[in-house]
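>>> coords below, sequence missing:
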């Protein structure tokens, strides 16, 4: 792989904006990200558990908030013959206590089959939209090990 390319670290990346039930533990205790669109394409249809590194980027902390956790990809409607509803169950992490509805969620499947869960505060999103490389630049400067 060529140095400086995301493919050096990831076999795939997907993103979505967090909803209230995904982010707010007072609103819902489900501890799950809905597996929509590109997330479902990236992780497929087989149940799997992943080691994960969680990171939260915001304007108030000099460094990202980080934590380790576990993600389980599964079909919540596996027993239903005509329906599927894929989700990522996540364990409690410091990062998820920072999450809010409207935050950007970027999930990266790493070459070693672990997952990077990057949450970007919704307050940073306007800056990211004006400079589409903001998240990627900060992501590439982090130590993934």
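Cool, got the structure. Nothing here was measured: the structure is a model prediction, and the numbers come from that model.

>>> Show me the shaky parts of this protein.
The model of the chain has pLDDT under 70 over residues 1-6, 25-29, 124-145.

>>> in it, which spans are strands?
Ranges of strands in the chain, per DSSP state E, are 10-17, 32-34, 48-57, 65-75, 86-90, 104-110, 115-120.

>>> Just want the angle from the last one to strand 86-90.
Between the axes of strand 115-120 and strand 86-90, defined by axes from the mean of the first three to the mean of the last three Cα atoms, to 10 degrees, the angle is 90 degrees.

>>> hmm, who's touching strand 115-120?
Residues from elsewhere that reach strand 115-120, judged by Cβ atoms under 8 Å, 6 or more residues apart in numbering: 10, 18, 50-58, 69, 71, 90, 95, 98-99, 103-110, 128, 135, 139, 144. Where you see a C-beta, it was placed from the backbone N, CA and C, and this is true even at glycine.

>>> Drop anything exposed from the residues you listed.
Buried subset of the contacts of strand 115-120 (neighbour count, 16 or more other Cβ atoms under 10 Å): 10, 18, 50, 52-58, 69, 71, 90, 95, 98-99, 103-110, 128, 135, 139.

>>> Can you mark which positions in stretch 60-79 are buried?
64, 65, 67, 69, 71, 73, 74, 75, 76.

>>> what's that stretch in contact with?
Residues outside stretch 60-79 that contact it (Cβ under 8 Å, 6+ apart) are 35, 43-58, 83-96, 98, 115, 117, 138, 142.

>>> surely residue 93 meets residue 55?
No: taking contact to mean Cβ atoms under 8 Å, the distance of 10.1 Å between residue 93 and residue 55 leaves them out of contact.
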